[in-house]
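**Student:** Need a 3D model of the sequence below.
(chains A and B)
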Amino acid sequence: MTPRTNGARLTADGVPAALSLEGVSKHYGRSVGVDALDLTVTAGELVTLIGPSGCGKSTTLRLAVGLERPDAGIIRVAGKVMADGRRFVEPEQRRVGLVFQDHALFPHLTVARNVEFGLDRLGRSERRTRAGEVLDLVQLSHLAHRYPHELSGGEQQRVALARALAPRPAVVLLDEPFSSLDESLRAQVRRDTVATLRETGTTGVLVTHDQTEALSVGSRVVVMRDGVIEQADTPEKVFEQPATRFVASFMGDADFLPAHVHRALLTCEIGIVSTVPGWADSDMDVDVVLRPHEVALRPDPNASAHVSAIEYHGAFVLHHVRLASGRTLRSWQPHTVRHPVGTAVAVSVTAGTTPTLLLGDRAITSPPPSSSLARPSSEPLPLR
Amino acid sequence: MTGTGVLAEARTPTRGLRRTSGAGRPAWSAFVVVVAVLVATPVLAVVLDGIGSVGDTAPPRGIVAMVLTTLALMVGVAAGTLLVGGGLAWLVTAYRFPLRNVLVWLLVLPLAVPAYILGFVFLSVFDVSGPVQSALRAVLGPDVWVPEVRSLPAAVLVMSLSLYPYVYLLVRAALIEQSAGTYDAARTLGAGRGRTLRRVLLPLARPSLAAGLSLVMMETLTDFATVQYFNVQTVSVGVYLVWKGTFDFHAATQLAVLVLLFAVAVLTGERALRGRARYHQQGGRGQGLQPERLRGARGWAATALCIAALAAGFLIPVLQLLVWAVGEAGKSGVLTDPRFGEYLVSTLLVASVTAVACVVLSVAVGHAVRISGGRIAASAAQLTTFGYAVPGAVVGIGVLIAFAAVDTALERAGVPGGTGILVTGSVLGILYAYVIRFLAPAYQAVDASLAKIPPTVTFAALSLGAAPRRILARVHAPLARPGVAVALMLVMIDAVKELPIVLLLRPFGFTTASVWVYELARENFWEKASLPALVIVTAAILPVVVLVRQARRAETRGRAAT
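**Tutor:** Numbering: from 1, shown residues only, chains lettered A, B, ... in the order given. Just a heads-up that it's a prediction; the model follows:
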């Protein structure tokens, strides 16, 4: 939790957060847009916002820009209140930049005029200079006199970024900025964009539905679902230590197996998974999260599990394995390994794996107080 | 009624930026509400005054006869346009015959000849002194019986010939565009060509038919000039005559309420005919109905039928006007008649001021809806376009009431005579009524352009610190330019053609080309009316050409998608 001064959240060095939402709610009729959302983006940070459609990420963005009024809560940009119960600052006065999927360039203005659009408070020469600077930044100075329709998709995207950066906004929001680009182009434009944002120290919030993008771009990943934040953490933590069952399954592939912890030993249908230090006194049922890259296979005629389907993905082959109980696990195997459908396989967990444990829909990292050995083992938790 | 604009009606209206918030930006929402109130006031005034005065005065004389005549005329014209327009649409869509590809588009041309022009040309040919009756008398003797030309059936015939293109266009569009996929599906399910037509295509065309017929009936209802040639007393004529004859406000508004009731009935009827079923066709891909070739005499008969409709509705009247005009031009003094220039100037002046006002309001309203978001602005914007569905007589009387109220207020404030519209009429009143009537086509054209601007462009401009007024000037207005051009043209031409409103509201001594045509035609000075009539027809051809081009493009696009 960041310290509070004057009501505004400050980062450690006393700079107010570039963007903060505190207890912000927005409902559309009966459906929830976002519910009591807390999100702080510190200056210079690049945060990705991800979730399935309807999770509230677009609403969050619209609230931050000022296209929606919150029903409750406080929104601040660079420490200044943009919206609370009484005040509401219109979008044009917020210093929040926007980059869209469709780039939203003004079709009737040249690239230079597009970039200068947000600089009308500057004098003519300053305006020219600043526009030149940001166009240099995205390496498009040579196209300054073109019209948007004369540019490629990637170039349009860079113009949109330059245009958003020109007025030096407190924070730039990027709404799925790469999803309209070709697959081949996307990675390059993404790298360039992130480099530009980092180079200029711009605070950015990138909304995406692409898990890989969320993990690779952000210094922090915020996973949303049904209007609430499920987890906000570094990419590594979100992937390796998901906070909830939803995050585990949404951020990458995951299978769930009922498991049991007894005297620091985690066991499930495929045998002993790992040890769980610190759980020495526990005796309880949990679910274990197994990602396909953590599942090892070995042909074994005596095994009760068998390969039920295989998918060739190029570098890797995804094996679907049906266990004796009827549950399935998935396992990535290198492309040289291909166990035909029907092969009986012994399933284990690759060495060094510390899988996530779930109690209900939430991850647990330490044994809950009620799980001591004295308590009789409860009913197995139902699978989702 | 403003045909070309209304035909393009079924577009999705501009959505606001915000999805829910009620008020949006108060100032911009308020602006749209003010425009909506200005548009709605005269109509509300008519309703309130009309209903409020029931019982105060005796109902206008002959009211029952008027209602019955109106009903007969509307039903007659609906049947006539259904027969001509629906039949021709069916013919050119289901069959191939000589000249079909040209006739398909030429058949729209009668739209360019307003009924009040077609009407007097018809009279000149068929009335007692016309060539037809003269010839009959010459052959069969002076006592030969001929049906009365100035009668309801003749009015029905003339109006049907002038209005059938509405039904023709809409039904044809329904037959070819909507149902390609469905047609194919029905055929693959084993239905024959004839059965598919009867069981699938015609039911699918029903809403379009309803829309076309309702347009036709509204036009018929609005008219009170053409019908007067034929001595047909509709309620709209009643409003005009009562007002001009007696200046009896309450009697006029009571009749105007009746006119409004007819309009409501027509629109309700359209809804009912459309039914609850959803006729929207999704992904209408497929070959669709392929026209069948008509061979030999049958093919030529079809060609003749089309040419006959075209000739009666366009070729003959225009030719007759040209002959007259050439003859008149030969005589000295006609083209040099200073009134000709004067009337043309006042026509153009009123039309351009109206067009500019409508377009400015449309751009501002469209911008306000986008910038403000909010349901209030969106609903108010819808309300600004309802004037197109209100007959001219109602708008006219409503404007008079509104101005009378302003007069009273002004006199109370110490301005003697107020605006003076009640005594002498006022061009301002005409302009106000025109804006109410023609805001719909202007808004639709402008909104079509604005709707092409992705909302993200507006968001981007906002996020770059541009205030709404700057966005209007730098983003929305420049990007709405194509729609603005179309809107200007549509409104200009509608205003040039418009007759009933000017007749009702014009100040003493103020005459437009359309009024001049009407007055000369009323006095049987047909040759003299020919020049201004040709001016109007020439102007009216423009939007028809645009309409045809749009329809053709839509059709080729439809074909390219298959």
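
**Student:** only C-alpha atoms for contact and neighbour calcs from this point on.
**Tutor:** Fine.

**Student:** before we move on, what SS does residue 92 have?
**Tutor:** Just going to use chain A. State at A:Glu92, reduced to three classes by DSSP: H, G, I helix; E, B strand; the rest coil: helix.

**Student:** can you tell me how far it sits from B:Ser530?
**Tutor:** Here A:Glu92 is placed at a distance of 58 Å from B:Ser530 (Cα to Cα, to the nearest Å).

**Student:** Which one's more surrounded, these two?
**Tutor:** Neighbour comparison, A:Glu92 and B:Ser530: the larger count goes to B:Ser530, with 28 against 21 (by other Cα atoms under 10 Å in any protein chain shown).

**Student:** which stretch of helix or strand covers the residue of chain B found nearest chain A?
**Tutor:** For chain B, the residue positioned closest to chain A under Cα to the nearest Cα is B:Gly465, at a distance of 3.9 Å. B:Gly465 is part of no helix or strand when elements are defined by DSSP states H and E.

**Student:** wait, what's in contact with it?
**Tutor:** Residues near B:Gly465 by Cα atoms under 8 Å, 6 or more residues apart in numbering or on different chains: A:Pro91, A:Glu92, A:Gln93, A:Arg94, A:Arg95, A:Gly118.

**Student:** near chain B, which of those show up?
**Tutor:** A:Pro91, A:Glu92, A:Gln93, A:Arg94, A:Arg95, A:Gly118 (Cα under 8 Å from any Cα of the partner chain).

**Student:** In chain B, where is pLDDT below threshold?
**Tutor:** B:1-24, B:56-60, B:177-181, B:275-289, B:332-336, B:415-425, B:551, B:554-562 (pLDDT under 70).

**Student:** quick one: the strands in it?
**Tutor:** Here chain B has its strands, by DSSP state E, at B:95-96, B:292-293.

**Student:** Mean neighbour count added to the ones you listed, as JSON lines?
**Tutor:** Output for the strands of chain B, formatted as JSON lines (neighbours: other Cα atoms under 10 Å in any protein chain shown):
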{"stretch": "strand B:95-96", "mean neighbour count": "18"}
{"stretch": "strand B:292-293", "mean neighbour count": "12"}
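
**Student:** Just put these in a markdown table and tack on distance to chain A.
**Tutor:** Below are the strands of chain B laid out as a markdown table (distance: least, Cα to the nearest Cα, whole Å):
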| stretch | distance to chain A |
| --- | --- |
| strand B:95-96 | 42 |
| strand B:292-293 | 44 |
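
**Student:** any chance of these in CSV, plus distance to B:Val496?
**Tutor:** As requested, the strands of chain B are arranged in CSV below (distance: least, Cα to Cα, whole Å):
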stretch, distance to B:Val496
strand B:95-96, 37
strand B:292-293, 42
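
**Student:** looking at those strands, which is closest to B:Thr268?
**Tutor:** Checking the strands of chain B against B:Thr268 by Cα to Cα gives strand B:95-96 as the closest, at 33.8 Å.

**Student:** Which strands and helices lie in contact with that closest one?
**Tutor:** Helices and strands touching strand B:95-96, as assessed by 3 or more Cα pairs under 8 Å, 6 or more residues apart in numbering or on different chains; DSSP states H and E, comprise strand B:292-293.

**Student:** in its sheet, what does the strand it packs on sit against?
**Tutor:** Note on strand B:292-293: by DSSP bridges, its sheet partners are strand B:95-96 (parallel).

**Student:** Need phi/psi at the residue of chain B closest to chain A.
**Tutor:** phi 90, psi 10 (degrees, to the nearest 10).

**Student:** Point out the residues in the stretch 151-300 of chain A that sit beside chain B.
**Tutor:** Residues of the stretch 151-300 of chain A found near chain B (Cα under 8 Å from any Cα) are A:Ala164, A:Pro167.

**Student:** Show me the helices in the stretch 151-300 of chain A, by range?
**Tutor:** Counting by DSSP state H, counting those that start in this stretch, the segments of the stretch 151-300 of chain A that form helices are A:153-165, A:183-199, A:211-217, A:235-240, A:245-250.

**Student:** who touches the last one?
**Tutor:** Outside of helix A:245-250, the residues that reach it under the criterion Cα under 8 Å, 6+ apart are A:51, A:211, A:223, A:230-231, A:238-239, A:242, A:254-255, A:289, A:358, A:361-363.

**Student:** Likewise for the third one?
**Tutor:** By Cα under 8 Å, 6+ apart, the surrounding residues in contact with helix A:211-217 are A:Leu46, A:Thr48, A:Leu49, A:Ile50, A:Val194, A:Thr208, A:Val221, A:Pro235, A:Glu236, A:Phe250, A:Met251, A:Gly252.
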